[in-house]
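*Asks:* Provided below are the primary sequence and the corresponding predicted coordinates.
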Amino acid sequence: MAVAHLEVTRRSPFPFDYERIDGKLHFAVDPKHAANGRIVDLDKAPRDEAGRVRFWADFVLLQPADQGRANRRLLYFVVNRGLRVGVPFNRFAPRLPTLPPTDEIDVGDGFLMRRGWTVAMCGWQWDVQRQPGLMGLEAPQALGADGKPIQGRIAVAFQPNERHACHLLSHWPLHPPPGHQPFAHQPYPAADVNEANAVLTVSDSRSGPRSTIPRERWQFARDDAGRPVADDSYVWLDGGFQAGKWYEVVYTTRICPVVGTGLLATRDCVSWLRNASSADNPAAGRLDFTYGHGRSQCGRFLRQFVYDGLNLDEEGRQVFDGLIPDVAGARRGEFNQRYGQPSETNPLGFGGVFPFASDEMTDPVTGRTDGLLRRQRQLGGVPKIFTTNTSSEYWRVDCSLIHTDLTGSRDVEPPAEERIYLIAGHQHGAGLPQVVDTTPIGARGANAFNMVDGSTALRAFLINLDRWVSEGTEPPPSAFPRLADGTAITRETALAQFSKLPGMALLDVQVLPRLTRLDLGPQAEQGIGQLPARTGEAYPSYVPALDADGNEVAGIRVPDVSVPVGTHTGWVPRHAETGGAGQVLDMMGTSLPFARTASERQARGDPRPSIAERYRDRDDYATRARAAAQALADAGYIVPDDVDLAVDLALQRYDVLAPAPVGVSG
């Protein structure tokens with residue numbers, strides 16, 4: 001097998017009568033094997049005496065201490081940027097990402113443990129810093145004829161939220177300034193800090209025209225009390241990088257990790273746990289079904305996994321029975337290319353290229369035919385898939401491409417192995433019952449952030465997927481916006497409706513993000529891009545249609561949305577103080593509360609009925625929220641055990657935004 005051995009570093013008890021096993025999983029893969037042929041530059045990595053490429057990754061396994069309590073199901077959790085804060089699908093107290101990583105794993109309410117699931121995590125991202133609490137991968141380097149890492153061109157893009165003098169040559173979401181990242185990723189260092197051909201550009205928006213900054217105004221350097229100090233891991237600009245501007249530096253790097261070994265680590269970790277009978281496999285003989293779950297970046301990673309046809313191991317055995325790529329939209333990412341940046345969210349690279357939908361389509365502009373599952377179908381081993389998204393992935397531009405054709409003229413239903421679900425009115429991550437407009441790392445919205453928490457639907461996705469795989473029970477029907485019934489509209493149409501709501505800061509239609517066709521050069525099929533990419537015609541884009549309150553009508557509407565106390569969106573503009581006014585603040589959404597009373601509504605000129613006009617009191621609201629939650633449970637969109645939780649979550653939002661009882665001030 002491709003797993004050489006598990007090096008156990010710790011075995012310890014875990015809550016709910018579980019055990020936790022930490023270690024390093026060592027891999028040895030055959031670069032000549034057809035199952036590994038899609039991994040870019042694997043053939044250029046050093047080999048051992050047996051001709052195999054070796055690498056290792058951090059590993060954690062959580063399983064019932066008593067084998068008899070196990071339900072014989074594995075959930076493989078694709079860790080996001082190395083973080084293993086809590087057990088997925090278990091509810092636990094939110095932990096701010098600015099806190100240092102911790103070795104602890106929060107078990108939360110034990111949702112999975114009470115059901116006997118085994119949970120595995122394995123590092124897959126080469127650039128995760130080596131420190132306690134983070135899970136990374138020690139990837140091999142791709143070597144040239146001189147025996148040194150291949151040098152080549154790379155692009156690093158960022159949009160500051162405040163002026164700062166220098167920027168690390170790596171990516172972190174929402175672009176915090178130096179010193180504000182929860183932890184920094186390893187950068188791609190410059191091969192020559194004096195490189196004359198390196199280029200730094202600036203634009204007013206991601207898609208706006210670029211201006212080249214004169215080379216004498218910037219350096220590969222870090223800032224030291226206002227002065228540049230040469231450093232191959234930073235870029236420094238005289239006068240500083242301005243808030244809200246888009247910068248991109250293109251330069252030659254001196255390292256060349258085989259980024260795609262992270263995909264192999266995932267494949268071979270799961271296959272080994274499921275199939276290996278060796279004494280060092282702690283799950284040997286315990287597993288019948290395997291599922292993969294990844295959020296955001298990690299959902300895009302799972303889309304890349306099946307696109308590359310990796311759901312069969314070197315011995316031809318199926319790896320995952322089911323997958324849940326969550327909030328990935330229609331994109332993939334920089335997970336299998338030369339100089340890939342796994343955390344990069346910029347769509348102007350390999351992560352933003354066709355195909356987007358699972359079944360084959362032909363692009364009418366380029367004439368190219370492809371589909372996300374095309375290669376896996378040819379090889380065999382197509383898993384059952386729940387493709388799950390929120391409003392944010394539609395508003396950032398790409399998500400509708402998973403279920404519309406490339407002319408934007410008709411709906412495309414998912415194939416028999418897939419269901420597509422939208423959690424309506426939801427931002428990229430679960431909202432909190434707070435009125436706040438600033439993230440812990442300094443990104444600020446022009447409206448208060450979205451409050452909706454749709455985690456009850458997420459738990460039902462896992463249970464329904466397992467029943468589909470293990471019992472053959474058909475899951476609830478797909479729920480997403482469609483052109484045919486008018487529940488999919490353009491962003492411009494939706495913004496015109498939002499413009500009627502007083503107090504709502506709007507996106508600027510002139511700078512809405514566009515996903516365009518990309519030309520990454522003649523070696524793109526080999527995973528080697530020509531930067532910057534040449535852009536072409538934009539793809540069509542749609543978002544969910546709205547009701548009279550401005551809430552979305554398609555998808556799974558949790559009580560926060562179906563029994564609302566405000567208007568909830570998957571988008572929010574950047575705050576003017578952080579620059580880029582009118583542009584999308586990535587991943588965040590808006591909650592615009594209803595007026596508390598009729599008089600307040602009239603004073604505002606708000607067309608939406610007030611909270612007091614909708615609901616008699618808190619008890620009346622709770623009754624309506626319970627009916628809505630029960631209807632979701634009856635339809636299979638939340639598990640029956642979570643009805644009380646769904647009601648409680650809605651009441652938390654009500655308590656923040658509703659009028660105070662008579663006689664109570666404030």
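*Replies:* Arrived safely, thanks for sending.

*Asks:* ranges for the helices of the stretch 451-600 of the chain?
*Replies:* 455-471, 491-498, 559-562, 598-604 (DSSP state H, counting those that start in this stretch).

*Asks:* how many other residues sit next to the spatially closest residue to G116 that is not a sequence neighbour?
*Replies:* In this structure, G116 finds its nearest non-sequential neighbour in N71, 3.6 Å apart by CB to CB, 6 or more residues apart in numbering. In short, each C-beta sits where N, CA and C put it, glycine included. N71: 17 surrounding residues under other CB atoms under 10 Å.

*Asks:* Repeat that for S278.
*Replies:* Using other CB under 10 Å: S278 sits among 12 other residues.

*Asks:* C122 versus that one, what's the distance?
*Replies:* 17 Å (CB to CB, to the nearest Å).

*Asks:* And V258, by the same measure?
*Replies:* In terms of CB to CB, V258 sits 16 Å off from C122.

*Asks:* Next: H167.
*Replies:* In terms of CB to CB, H167 sits 30 Å off from C122.

*Asks:* ok, these two, which is more surrounded?
*Replies:* C122 (25 against 22).

*Asks:* Would you check that V306 makes contact with Q376?
*Replies:* Yes: counting by CB atoms under 8 Å, V306 touches Q376, with 5.1 Å between them.

*Asks:* Find residues that contact each of those two.
*Replies:* Common neighbours of V306 and Q376, using CB atoms under 8 Å, 6 or more residues apart in numbering, are V382.

*Asks:* and these two? which has more neighbours close in?
*Replies:* Applying other CB under 10 Å to V306 and Q376 shows that V306 carries more neighbours, namely 25 against 22.

*Asks:* Now the element after the strand or helix carrying that one, going C-ward?
*Replies:* Here V306, judged by DSSP states H and E, is contained in helix 297-307. Downstream of helix 297-307, the first helix or strand assigned by DSSP H and E is strand 322-326.

*Asks:* Check whether the spatially closest residue to G527 that is not a sequence neighbour sits in a helix, strand or coil.
*Replies:* Spatial nearest neighbour of G527, chain neighbours left out: V40 (3.3 Å); criterion: CB to CB, 6+ apart. Reduced to three states with DSSP: H, G, I helix; E, B strand; the rest coil, the structure at V40 is coil.

*Asks:* Verify the contact between V40 and C256 for me.
*Replies:* No: if you go by CB under 8 Å, V40 and C256 don't touch, sitting 10.2 Å apart.

*Asks:* Need the overlap of contacts for those two.
*Replies:* By CB under 8 Å, 6+ apart, the residues touching both V40 and C256 are R338.

*Asks:* Near E492, how many other residues are there?
*Replies:* Using other CB under 10 Å, E492 is surrounded by 11 other residues.

*Asks:* Contacts only, for it.
*Replies:* 509, 512.

*Asks:* my guess is G381 meets L310, correct?
*Replies:* No: counting by CB under 8 Å, G381 does not reach L310; the two are 9.1 Å apart.

*Asks:* Which residues are in contact with each of those two?
*Replies:* Joint contacts of G381 and L310 (CB under 8 Å, 6+ apart) are V319.

*Asks:* More neighbours: which of those two?
*Replies:* With neighbours defined as other CB under 10 Å, G381 and L310 compare such that L310 has more, 26 against 18.

*Asks:* tell me the pLDDT at R331?
*Replies:* With respect to pLDDT, R331 scores 95.

*Asks:* Against which helices or strands is the helix or strand in which D58 is found packed?
*Replies:* Using DSSP H and E, the element containing D58 is strand 53-64. Applying 3 or more CB pairs under 8 Å, 6 or more residues apart in numbering; DSSP states H and E, one finds that strand 53-64 makes contact with strand 3-14, strand 18-29, strand 118-122, strand 137-138, helix 261-275.

*Asks:* Please repeat the previous calculation with a cut-off of 7 Å.
*Replies:* strand 18-29, strand 118-122, strand 137-138 (3 or more CB pairs under 7 Å, 6 or more residues apart in numbering; DSSP states H and E).

*Asks:* Within its sheet, name the partner strands of the last one and how each one runs.
*Replies:* Meaning strand 137-138. As defined by DSSP bridges, the strand partners of strand 137-138 come to strand 53-64 (antiparallel).

*Asks:* which stretches of the stretch 201-350 of the chain have low pLDDT?
*Replies:* Of all residues in the stretch 201-350 of the chain, none has pLDDT under 70.

*Asks:* mind putting the helices and strands packed on strand 53-64 in JSON lines, mean pLDDT included?
*Replies:* Formatted as JSON lines, the helices and strands packed on strand 53-64 follow (pLDDT from 0 to 100):
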{"stretch": "strand 18-29", "mean pLDDT": "98"}
{"stretch": "strand 118-122", "mean pLDDT": "98"}
{"stretch": "strand 137-138", "mean pLDDT": "97"}
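
*Asks:* Can you say which of the ones you listed is packed in most?
*Replies:* strand 118-122 (a mean of 25; mean count of other CB atoms under 10 Å).

*Asks:* So what's the residue count around P502?
*Replies:* The burial count for P502: 14, using other CB under 10 Å.

*Asks:* residue contacts, it?
*Replies:* 604-606 (CB atoms under 7 Å, 6 or more residues apart in numbering).

*Asks:* Relative to G503, how far out is the nearest residue to it once chain neighbours are set aside?
*Replies:* Of all residues not flanking P502 in the chain, R604 sits nearest, at 5.0 Å (CB to CB, 6+ apart). As judged by CB to CB, R604 and G503 stand 7 Å apart.

*Asks:* what about those two, which has more around it?
*Replies:* R604 (15 against 12).

*Asks:* Now do the same for the more buried one: its pLDDT.
*Replies:* R604 is assigned 95 on the pLDDT scale.

*Asks:* does it really touch F594, like I thought?
*Replies:* No: with contact defined as CB atoms under 7 Å, R604 does not reach F594; the gap is 10.0 Å.

*Asks:* Is L237 in contact with Q219, as I believe?
*Replies:* No: with contact defined as CB under 7 Å, L237 does not count as touching Q219 (8.3 Å).

*Asks:* Nearest residue to the residue nearest the centre of the chain in space, please, no chain neighbours.
*Replies:* The residue lying closest to the centre of the chain (CA atoms, centre = their mean) is S296, at 0.8 Å. What sits nearest to S296 in space, not counting adjacent residues and going by CB to CB, 6+ apart, is V327, at 5.1 Å.
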